[in-house]
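1. What shape does this take:
(3 chains)
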Amino acid sequence: MATDSKELAGLVGGKYRYGFVTDIEEDRVPPGLNEDVVRLISAKKNEPEFMTEWRLKAYRQWLTMTEPTWAQVSYEPIDYQSICYYAAPKNPDDAPKSLDEVDPKLLETYDKLGIPLHERARLAGVAVDAVFDSVSVATTFKAKLAEAGVIFCSFSEAVTEYPELVKKYLGTVVPRADNFFAALNSAVFSDGSFVYIPKGVRCPMELSTYFRINAANTGQFERTLIIADEGSHVSYLEGCTAPMRDENQLHAAVVELVALDDAEIKYSTVQNWYPGDENGVGGIYNFVTKRGDCRGANSKISWTQVETGSAITWKYPSCVLRGENSVGEFYSVAVANNYQQADTGSKMIHIGRNTRSTIISKGISAGHAQNAYRGLVRIMPTAQGARNYTQCDSLLLGDQCSAHTFPYIEARERSAHIEHEATTSKISEDQLFYCRQRGLSEEDAVNLIVNGFCREVFKELPMEFAVEAQNLLNVSLEGAVG
Amino acid sequence: MTPEQLHTQLAARIAELPGGTTVAAAREAAFAAFARQGFPTRKQEAWHYTDLKRISDAELDLFPTAPDAADPAALLRAAGVDSDAAALVFVDGFLVANFAAEVLGDGVDISSLGESLETLGPLVAAETLRGQPLAALNVAFARHGVRIGVPAGTEVEAPIHLLFVSQSARPQACQPQIAIDVGANARADVAIHYAGGPSCSGWVNALTRIALDTGAHLKLTRIQDYGPAQTHTELTDAQLAADAALNIMMIDVGGALVRNDLHVRLSEPGANCELAGLLLCAEGQHVDNHVVVDHLAAHTTSEQRFRSIIGAHGRGVFSGKVSVHKGTRAISADQASNNLLLAATAEINTKPELEIYADDVKCSHGATVGELDDSHLFYLRSRGMAEAAARGLLTLAFAKALFTESPWPGIDDRIVEKFGLALPEDIGWSPST
Amino acid sequence: MVELGDPNPMLVIDSLHVRVQDRDILDGLSLSVGLGEVHAIMGPNGSGKSTLAQVLAGRDGYEVTAGRIEFLGEDLLALTPEERAHAGLFLAFQYPIEIPGVNNAYLLKAALNAQRHARGEPELDAFEFMRVIKDNMKLMQIHEDFLSRSVNTGFSGGEKKRNEILQMLTLEPRLAVLDETDSGLDVDALKIVANGINSLRDPQRSMILVTHYERLLELVKPDHVHVLAHGKIVRSGDHTLARELDERGYEWIEQEAQSA
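-> Residues are numbered from 1 along each chain as shown, chains lettered A, B, ... in the order given. Take a look at the predicted model:
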């Protein structure tokens, strides 16, 4: 690792690695939000009537809601009328049908990101859907997936091609007016990924989406819906980057997962939106609602996230454990350095009998950052035999940062069994000295110990993501010690 | 009761309340602080699980009438306090007996609240009332209570008992105020008992203000054993100077709606507190323990151990926060919330929080919720114990894991009675083994 | 005892005073270790043995108030802990540290390569590293699954100590300081540890064995034995001194030292 982190340091000079801007022709609507803008977005995407209505209802509900203030984060009020709600890199009327039609400049962008679309996809056997600003630009490996009956396409395409599936599941996990940001997303979401795994199918490859915000003054509101039908299995990865800009940009996504009987969804995220500079200027506001519904018996939903980016993170990937014997898991590493603020955690709602959940959260705070774990474990009276195990550990690097733990535990069933453990401490002097006595520099020793601290989460990530996550962690913490 | 209605009651009688003009001004200021915040509602994070509507919507007399008759000795006996103890007995707020002076002599100042307000002025600082509207209400109406002053270097070995009994069935609110000041390197042991009859359905809104000077030690046992209709809210606010030590044991047995706020400020280096609580609730009871420990100085340590046993239709709440402030170091804090659910309709909400703004810390918390451990039950049954007896024994053992010595003679019986436990004594097993 | 100005000194400690948390622990300790020599430092509990080991390795919180230490001609006290390691100083910890989530092989490879890098030697790839470590593991009777376990986490006392010696064998230091490596070991484990230490004896390598008991010195014969009491060396001799201490205890030496 000593060499890994040095190479990376050389590569990025300790700065955000993905901070370039791609110069590309854009189709964008003027800033501001009203019913006409919502209609315009819907029209640009050639959406059927039901979708337009759905958006408008969401917009009207959003107007009645207020921005949540309970999270341990602070920021200047957001002017929702100054944000551009739609920016597409190309005229969507002739959206690319295959990689060959994708603007070569876009492909260059993904090369810079280290995601050469076709090569990476082919070599790794990963099918990639790339969302650039608001529009899905390319989905690889469609044919191979189609053979297995798997639908993996942009959300826009799903709305027109598979309206029945969309109608049946959209908003059933995260209702339109679930919260302020989810309602906003429901009104203006521009694109995202759609996945349907048919009965009994084990998806033959990892599915992956890369999200990138490129345009200035733009909000990104993608929406992802994954349905795993009975007995199916899918592993889905998502990665996110954005250019370096001095102003803050809003990202308010919604992810809905539905697992029917005996189905399993594994959802992994490496979130590396631009975190702002070392003085806290710029960066993405990442206000995301992610929820999985274990609707069927014996179903399983597993969230793994590595959160190193964003100026502010507000996200709580959750599981509603409805089906008997269903299982929810949440593994998280959240790093906050400089002036980053993270308020993240998970909710596990136990409704079905013998449902089980695990929460493993590792928070690392450095610089002037604030890092909070917020979690809810709720056992409903119907959830006989429910089990939860939660462990949340916080590591502090430096005396200007902070770490908070806010777990809510609500049990309404006697046979529930809940165990919660949490620790907060600074990095151990003994461990540092031991590593340095063996010859490691202080920085390498810190990286080694921090990576060890996160191991339980990293091992849940698919192999190639685990390496990326580890490197990201080292880069994120550069300059945090010494 | 709207703030306006309450203020009308206050304004009408403020001249009768003890203390001079400074105290009267403090009352008005405290009332203004209450009026600004109003009664807490569930919209506030600190009151997320507890609804105070039964108080805020009720019509209560804030000036209880003196009891017709009282038998202090019998009340002490019923509360499990020795007849020769240093005890003060209050009935519906009114001090009816003071046996403390004869036991303790002149070494300790034990004065009624009225006397103290006259001689010392206001006993509770305005900052104590920040975010505590109910405590502010107490300060505005304070009429009865006691101040205990232990001079520097004095060690008071005998526990000082304060018994507050609700006797009247009238819809009234009692707001006792207790101030405990322990001087430098002094040591004291105080036990506060709240008790009441089955027909008492009023509100007791208590405020206990503790100040420990350098090196002072205070052991405080606080027992709440009301009948099933009482509403009780209280704030215990403690401030610790350097190397002071505070040891609190809170036991809650009765009451319909009980909310205990415990706020400890470790203000100077070396201060340490050990807070423990046993919460028993069932049959429509709602009991909420809300604890905040502020680490404001280096080398301060805190420990919280709270256990609850919840029976059928009982609802327990524990919310404990450890807050480590900026610029402190060498902090150690540990927090445990263990909860035993005895019935299908039992409910517990627990929220152990850490809020940390320094890096040289060692903080941890743990929470468990569940029923009795099957393997423990099986072990006892394999040794020949009947299942019901094994359950009784393990339930009692769960509670007693909090104690090194029994904090109150009545505790075992209360647990057994409350949850209808069977005990294995008949076959030669004793719970103390 | 070797004096300052020895033509071949490995380590020279000159009148070292060390304070820990406002207490003076070492009070003018002097010691010289020549190339290839094995020195044993014995003494009662609290005499400052472990302090000496920690100061040599550069642990924070040990304040050197006077005196100096030269290691291979360099001012040791001016170096960071990792620079001391790169220069060839190894400390086998009395209480090896647990690092959850970091596996043994990873730490050892990172440490070895950091040291090789600092010395301008090429770093080893995974295959070369495995070749180096395999023989050492055999010698220390360490099972292969050990490599993927977290550093010292959940290890028995004996496993931890064997791990320290495995690291020493792999890092091949110039000067090894073994702090109570024999404590808590049963007879078989002690033999394995002693074998490991003996296999590393070399005319170019020196060792300091810090120990309370004589039993390790039966298996690893020291060239010199020193007794540390009240922060300084009160008596030095050959390995027979160790046996004498084992039979008579430390009291007589402390008394002699005080009356002197």
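
2. Every contact and neighbour count from this point should use C-alpha atoms.
-> Will do.

3. helix or strand for B:Leu246, which one?
-> strand B:245-252 (DSSP states H and E).

4. send the alpha carbons of that strand over as PDB?
-> Listed next in PDB are the C-alpha coordinates belonging to strand B:245-252 (Å, rounded to 0.1, in the frame of the first residue of the first chain):
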ATOM      1  CA  ALA B 245     -17.600  12.700  42.100                       C
ATOM      2  CA  LEU B 246     -21.300  12.100  41.600                       C
ATOM      3  CA  ASN B 247     -23.000   8.800  42.000                       C
ATOM      4  CA  ILE B 248     -26.600   8.500  41.100                       C
ATOM      5  CA  MET B 249     -29.000   5.600  41.200                       C
ATOM      6  CA  MET B 250     -32.500   6.200  39.900                       C
ATOM      7  CA  ILE B 251     -35.300   3.700  40.400                       C
ATOM      8  CA  ASP B 252     -38.700   4.100  38.800                       C
END
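
5. Neighbouring strands - and their directions - for that strand?
-> Strand B:245-252 has the following strand partners under DSSP bridges: strand B:217-225 (parallel), strand B:272-281 (parallel).

6. Looking at those strands, spot the one closest to A:Glu307.
-> For A:Glu307, the closest of those is strand B:272-281, at 36.3 Å, according to C-alpha to C-alpha.

7. Following that closest one in sequence, what is the next regular element?
-> Downstream of strand B:272-281 (by DSSP H and E), the next one is strand B:286-295.

8. Counting by contacts, list what that next one packs against.
-> Applying 3 or more C-alpha pairs under 8 Å, 6 or more residues apart in numbering or on different chains; DSSP states H and E, one finds that strand B:286-295 contacts strand B:257-266, strand B:315-324.

9. For residue 35, give me phi and psi.
-> Answering for chain A, as no chain was given. Per-residue torsions, A:Glu35: phi -60, psi -30 (degrees, to the nearest 10).

10. looking at chain C here, not the other one
-> When read as degrees, to the nearest 10, the backbone of C:Leu35 gives phi -60, psi 130.

11. pretty sure it is in contact with C:Ile208, am I right?
-> No. Assessed by C-alpha atoms under 8 Å, C:Leu35 is found out of contact with C:Ile208, at 11.7 Å.

12. secondary structure element for residue 390?
-> Using chain A. strand A:387-397.

13. if you could check chain B rather than the one you did, that'd help
-> helix B:387-400.

14. Check what contacts that helix and list those residues.
-> Helix B:387-400 has contacts (C-alpha atoms under 8 Å, 6 or more residues apart in numbering or on different chains) with B:278, B:307-309, B:372, B:376-377, B:380-381, B:412, B:415-416, B:421-424, B:431.

15. Give the pairing partners of the strand holding A:Thr390; include direction for each.
-> strand A:356-366 (parallel), strand A:417-426 (parallel).

16. which stretch in these is the model least sure about?
-> Lowest mean pLDDT of the strands paired with strand A:387-397: strand A:417-426, a mean of 90.

17. what's the helix or strand following that one packed up against?
-> Once the chain leaves strand A:417-426, the next helix or strand it forms, by DSSP H and E, is helix A:429-437. In terms of contacts (3+ C-alpha pairs under 8 Å, 6+ apart), helix A:429-437 is packed against helix A:442-453, helix C:81-86.

18. and the first one, does that touch chain B?
-> No. Applying C-alpha under 8 Å from any C-alpha of the partner chain, one finds helix A:442-453 out of contact with chain B, separated by at least 15.0 Å.

19. just checking, next helix/strand downstream of that helix?
-> Following helix A:442-453 in sequence, per DSSP H and E, is helix A:455-458.

20. again, but for the last one
-> Counting by DSSP H and E, the element after helix C:81-86 in chain order, helix or strand, is strand C:89-92.

21. Now that following strand: average pLDDT?
-> 94.

22. strands paired with whatever helix or strand comes next after it, and their directions?
-> On the C-terminal side of strand C:89-92, the closest following helix or strand by DSSP H and E is strand C:99-103. If you go by DSSP bridges, strand C:99-103 pairs up with strand C:150-151 (antiparallel).

23. Average pLDDT for the strand it pairs with, rounded please.
-> pLDDT averaged over strand C:150-151 gives 88.

24. roughly how far is it from the heart of the chain?
-> 21 Å (C-alpha atoms, centre = their mean, to the nearest Å).

25. Equivalent analysis for stretch B:248-259, please.
-> Per C-alpha atoms, centre = their mean, the centroid offset for stretch B:248-259 relative to its chain is 7 Å.

26. Straight-line length of it, end to end?
-> End-to-end distance for stretch B:248-259, by C-alpha to C-alpha, to the nearest Å: 16 Å.

27. how about the residue positioned nearest the centre of chain A, secondary structure?
-> The centroid of chain A falls nearest to A:Thr269 when counting by C-alpha atoms, centre = their mean (5.0 Å). Look at A:Thr269: counting by DSSP: H, G, I helix; E, B strand; the rest coil, its state is strand.

28. Next one: it relative to A:Val335, how far apart?
-> 14 Å.

29. Now for those two: what residues contact both?
-> Common neighbours of A:Thr269 and A:Val335 (C-alpha under 8 Å, 6+ apart) are A:Glu307.

30. coming back round to it: mean neighbour count, the strands paired with strand B:245-252: which tops it?
-> strand B:272-281 (a mean of 24; mean count of other C-alpha atoms under 10 Å in any protein chain shown).

31. which residues does B:Thr214 contact?
-> B:Gly183, B:Ala184, B:Asn185, B:Leu240, B:Ala241, B:Ala242, B:Asp243, B:Ala244.

32. Keep only those of the contacts of helix B:387-400 that are in strands.
-> Residues of these located in strands (DSSP state E): B:Leu278, B:Arg307, B:Ser308, B:Ile309.

33. from those residues, which is closest to A:Leu440?
-> The closest of the ones in strands among the contacts of helix B:387-400, once distances to A:Leu440 are taken by C-alpha to C-alpha, is B:Arg307, at 45.4 Å.

34. what about that closest one, how many neighbours?
-> B:Arg307 sits with 25 neighbouring residues when counted by other C-alpha atoms under 10 Å in any protein chain shown.

35. Quick check, it in contact with B:Leu275.
-> No. The pair B:Arg307 / B:Leu275 is not scored as a contact, 11.3 Å apart, by C-alpha under 8 Å.

36. same question for stretch B:63-74, mean pLDDT?
-> 87.

37. And A:Leu165, how close does it get to chain B?
-> A:Leu165 sits 38 Å away from chain B, taking C-alpha to the nearest C-alpha, to the nearest Å as the criterion.

38. what kind of secondary structure is that residue in?
-> helix.

39. Could you report the separation of it from A:Asp191?
-> Taken as C-alpha to C-alpha, the span from A:Leu165 to A:Asp191 is 16 Å.

40. okay, the two: which has more neighbours?
-> A:Asp191 (26 against 14).

41. In the stretch 51-200 of chain C, which residue sits nearest chain B?
-> C:Gly61 (14.9 Å; C-alpha to the nearest C-alpha).

42. if I read this right, that residue contacts C:Val20, doesn't it?
-> Yes. Using C-alpha under 8 Å, C:Gly61 is in contact with C:Val20, at 6.4 Å.

43. circling back to that earlier point, buried residues of the strand holding A:Thr390, list them for me.
-> Buried residues in strand A:387-397, defined by neighbour count with 16 or more other C-alpha atoms under 10 Å in any protein chain shown: A:Arg387, A:Asn388, A:Tyr389, A:Thr390, A:Gln391, A:Cys392, A:Asp393, A:Ser394, A:Leu395, A:Leu396, A:Leu397.

44. now the strands paired with strand B:245-252 in JSON lines, with distance to C:Thr65 and mean pLDDT?
-> Below are the strands paired with strand B:245-252 laid out as JSON lines (distance: least, C-alpha to C-alpha, whole Å; pLDDT from 0 to 100):
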{"stretch": "strand B:217-225", "distance to C:Thr65": "39", "mean pLDDT": "96"}
{"stretch": "strand B:272-281", "distance to C:Thr65": "34", "mean pLDDT": "96"}
